[in-house]
Every structure is written in C-alpha cells, then in structure tokens.
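Q: Model the structure of this input:
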Amino acid sequence: MLEIKNERIAIPIVLFAGLLWSFGPLVVRHMDQPNLDPWQYLFTRGIVIFIILNFYLFFSEGKDFYKNYLKIGLSGLIGGCGLGVAMITFIWSIINTSAAITLLCLAAMPFLTALLGFLFLKEKISFNVWIAITVAAIGITIMALGNTNQNPILGLIFGLASAVGFSVFSVSLRWRKETPKFTTVALAGLFCVVFSAAIIFYDGKSFISSNYNQGLFATHGTLVCFGLILYSIGSKVIPAAELTLLSLTEIIGGIFWVWFPLFGINEIPSNNTIIGGFLIFMSISYYSLTIKTNRRFIGLN
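A: Okay, the predicted model is just below:
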C-alpha cells in the first residue's frame, strides 16, 4: 500500500478525500424520488462498498486479506453495526431535511465521539472540550428550533443518529486498536446489504431501481470508498487536531454543491441553519485549537 510520510503531501490528499465525500449529498439530490427507493439505494451502495474495499485489501495485503475478518472480534462487530446504522440513517436524514442540516449534524461527530469515549472508555474530557460540546449543542438546538415541520425534525433526528453511528465506529476502534479498520468498514457495507435486503424482501419490492438511480447508487458508494482509501493514505501522518479541521471540507463542500445553481438543486439553507452551523464551525475550530499540541495520529489502517 502506498505510504506517505510528508505531511505537506498528505494534507491535500486528505482534503481531496473530503472533497469526494462532499459530492454525496449532491448525488442523492439528483436521484429520482429517493424517498421511494432508500432500501434499494442502501442495498446497491452496500454491495459497492463491500466489493471495492475487499479488492483494495486484496491488492494491498495479498490473498490472505480475508484473515482480517477473523480478527474483527466484538469491537469490530459493534463498530461495523454502528457504521452500518450511520449509513442507513444518513439517507433517511437527507431525504427528510436539507443537506445542510444533515451535514452539520455529522460535523458534531468529534464531540459525540468524545462523549461516548467518556462514558464507555473512561476517557477524560477537558474543560475546553466541554465548552466546544456546549457551543455545538446550542447550534444544533437553534437548527432544530428553525425546523418546526414534522419531516425536517425527523431529518434532524436521523442526522444526529447517523453522527452517533459514526461515533460508535470511532470509539470501537479506540477500544481495540488492533481491530482491522477497513475490514470493519466493509462489514458495515455488508450490514447494509443484509438489513436492506430483509426489508425489501419483507415489503415484496424489487431489489433494483431504475438504471438511472442504480448508477447514482453505485456512484455514491464509489465516492465513499475512494475517499476512505485516500483518507487512510494521508491521515497516518496528520495529527488528530488537523484532521478535525480538514474534515470540514466534506461539510462545506456538501452544502455548497447543493446550493450552487449550476448543479440544478439550488437548496438554500435557512437562517437558523446558517446561525446554528456557524456555531458548530466555531466549536470545531475551538476544539481543534485546544488539542493543537496533541500529536496523536488516527490513521485508518
């Protein structure tokens, strides 16, 4: 596997990974009635993620890559299920509310991860991080107050559930650091395939959507996988503080693409979303500055 040791090279690689992920909401918005095909979307996207990541593991680790699945253990199962739930609730969030709200909920992941680490791993939370968590919570509350209709509130709840799922994945990796991370992500894709297949079978629907939608489902899965691979290459030499700020590429880009009129969506965030989002961005910036001296590396290897 390609290894990058120069941080100046790694930073643009991680930024490009976030840029790839940022096109996800735009892809979802261009789907034909995604609210009617969420399980078909999850089924196809899960298959693509599982296949591409296993190919990547095969080429990077050789024919014995399958042995990683024997090392997953309880932490890997919990992390894979958490990530699978995050993938499922993401699509339910974005079809019920604006892309901005969904993405800003995901931006709160560092704080949710800190809280889960505090509760289950007994990791200490500094006073400065508690301040950042409080500011982010105020921002999320402001966004919720600006969405009084049932569906946007439902979208906000699913967005927070998705952030919690991603945080469970992160905490599971901290719990048992030797857990094979890419294999866990592949397991999350398989979780989506099995769970969505059960729902589709129960409802008596088709596993396949239109050719147009199937192409977009596969495109989103491919963006996720290639973003993960680039992120894994660059993140090993970038401290956690910088990675937290670099991850904003996905959030800012995702909000911009669905707003930019050229792409045909023109989804303008509400005033409450802008105010709440500003507070979340401020909390993330403050969080990153307070852990600037932390040279902990969190490479996804």
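Q: residues contacting A10?
A: 4, 233-238 (C-beta atoms under 8 Å, 6 or more residues apart in numbering). All C-beta spots, glycine's among them, are computed from the backbone N, C-alpha and C.
Q: Tell me the pLDDT of it.
A: A10 carries a pLDDT value of 81.
Q: what's the answer for T102, then?
A: Note on T102: pLDDT of 92.
Q: what does Y41 give?
A: 95.
Q: where does the stretch 101-250 of the chain have low pLDDT?
A: For the stretch 101-250 of the chain, the stretches flagged by pLDDT under 70 are 147-150, 239-245.
Q: can you give me the helices in it?
A: Assigned by DSSP state H, counting those that start in this stretch, the helices in the stretch 101-250 of the chain fall at 109-120, 127-145, 150-175, 181-203, 211-235, 240-246, 248-259.
Q: out of these, which comes closest to S93?
A: helix 150-175 (3.6 Å; C-beta to C-beta).
Q: Can you name every helix or strand that that closest one contacts?
A: Judged by 3 or more C-beta pairs under 8 Å, 6 or more residues apart in numbering; DSSP states H and E, the packing partners of helix 150-175 are helix 73-94, helix 99-107, helix 109-120, helix 127-145, helix 181-203.
Q: Buried ones in that helix, by neighbour count?
A: Buried residues in helix 150-175, counted by 16 or more other C-beta atoms under 10 Å: 152-175.
Q: what about the residue most central in space within the chain, distance to A108?
A: Centroid-nearest residue in the chain: F166, 6.1 Å away (criterion: C-alpha atoms, centre = their mean). Going from F166 to A108 by C-beta to C-beta, to the nearest Å gives 10 Å.
Q: With G80 instead?
A: 22 Å.
Q: Also I13?
A: I13 is 25 Å from A108, by C-beta to C-beta.
Q: Look at the two and report which has more neighbours.
A: Ranked by neighbour count (other C-beta atoms under 10 Å), I13 and A108 place A108 first, with 23 against 20.
Q: thinking that one is in contact with A136, fair?
A: Yes: in this structure, A108 is within contact of A136 by C-beta atoms under 8 Å, at 5.1 Å.
Q: who touches both of those two?
A: I280.
Q: thinking again about what came up before, quick one, which of the helices of the stretch 101-250 of the chain is nearest to G276?
A: Between G276 and these, the shortest separation by C-beta to C-beta is 3.7 Å, and it involves helix 127-145.
Q: Number of residues surrounding the residue nearest to the residue nearest to the centre of the chain when sequence neighbours are not counted?
A: Once flanking residues are discounted, F166 sits nearest to A86: 4.5 Å by C-beta to C-beta, 6 or more residues apart in numbering. Around A86 there are 22 other residues, counting by other C-beta under 10 Å.
Q: How about K71?
A: 12.
Q: Thanks again, I'm all set now.
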